[in-house]
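1. Structural data only, the sequence is not supplied:
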C-alpha cells in the first residue's frame, strides 16, 4: 500500500482510501463500498505459455476473455497464474490484487471499458482496503496498453 501511495503522491494524483470489512470478490467489494460493480477494477495475473506473467484489468462486472488477451500479448497459451505465483510476483493474495502492474514490472493490459467510468475503485493489496481515483489518472500512472479484452 505504501508503494502505491508514494507513486500517486509523487505524481500529484488525487485519491481516496477506504477501510472496510474484508472482501474477496468484485461483488462483495462493490456492496461494501456502496458503488456500482461496473466502477470496480479487477486485476488478474496471467501466465503465458512461455512462462512470462502479465496483468489484465477489467471492470468488476466483466470477465477477461483469455483468447483476446493472448492475442494482444502475442502468445498462444494463457492461463490464470496460480495463487502462490500471484503472491510471489505482486505480494498480494488473490482477491486483493491492485491494478498497479508497473510496480511489479508486469506488462499491463487494460480493457477500454474501464475508461467509461469517471472514477474507479479497486483493492490496494489488502482485502480490507480500497482506493478510489479518476480513471484517467489511473491510466497516467500505470501506463497500460488499452485494448478490448473483456468477454462479450
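-> In hand now; what should we look at? Just so it is clear, the structure is predicted and the values come from calculations on it, not from any experiment.

2. which stretches of the protein form strands?
-> Using DSSP state E, the strands of the chain run over 16-19, 41-48, 53-59, 78-80, 108-111, 119-123, 129-134, 145-147.

3. Sketch out the helices for the chain, chain order is fine.
-> Assigned by DSSP state H, the helices in the chain fall at 2-10, 26-33, 66-73, 83-90, 135-142.

4. Let me have the ones you listed in a markdown table, adding mean pLDDT as columns.
-> Formatted as a markdown table, the helices of the chain follow (pLDDT from 0 to 100):
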| stretch | mean pLDDT |
| --- | --- |
| helix 2-10 | 94 |
| helix 26-33 | 93 |
| helix 66-73 | 97 |
| helix 83-90 | 97 |
| helix 135-142 | 97 |
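
5. of all those, which lies closest to residue 48?
-> Nearest of the helices of the chain to residue 48, taken as C-beta to C-beta: helix 66-73 at 6.3 Å. To be clear about C-beta, it is placed using only N, CA and C from the backbone, and glycine gets the same treatment.

6. starting at the chain centroid, how far to the closest one?
-> Mean-position distance between helix 66-73 and its chain equals 16 Å (C-alpha atoms, centre = their mean, to the nearest Å).

7. Any idea what the closest residue to residue 14 other than its chain neighbours is bridged to?
-> Once flanking residues are discounted, residue 14 sits nearest to residue 133: 6.6 Å by C-beta to C-beta, 6 or more residues apart in numbering. Beta-bridge partners of residue 133, counted by DSSP bridges, are residue 120.

8. Tell me, how many residues neighbour residue 133?
-> When counting by other C-beta atoms under 10 Å, one arrives at 19 neighbours for residue 133.

9. now swap in residue 151 and tell me
-> By the criterion of other C-beta under 10 Å, residue 151 has 12 neighbours.

10. For it, what are phi and psi?
-> Backbone geometry at residue 151, expressed as degrees, to the nearest 10, gives phi -70, psi 140.

11. got a list of what it touches?
-> By C-beta atoms under 8 Å, 6 or more residues apart in numbering, residue 151 lies in contact with 62, 63, 64, 65, 68.

12. got it, and residue 94?
-> Listed by C-beta under 8 Å, 6+ apart, the contact partners of residue 94 are 83, 86.

13. And it, how far from residue 146?
-> The gap separating residue 94 from residue 146 is 25 Å, by C-beta to C-beta, to the nearest Å.
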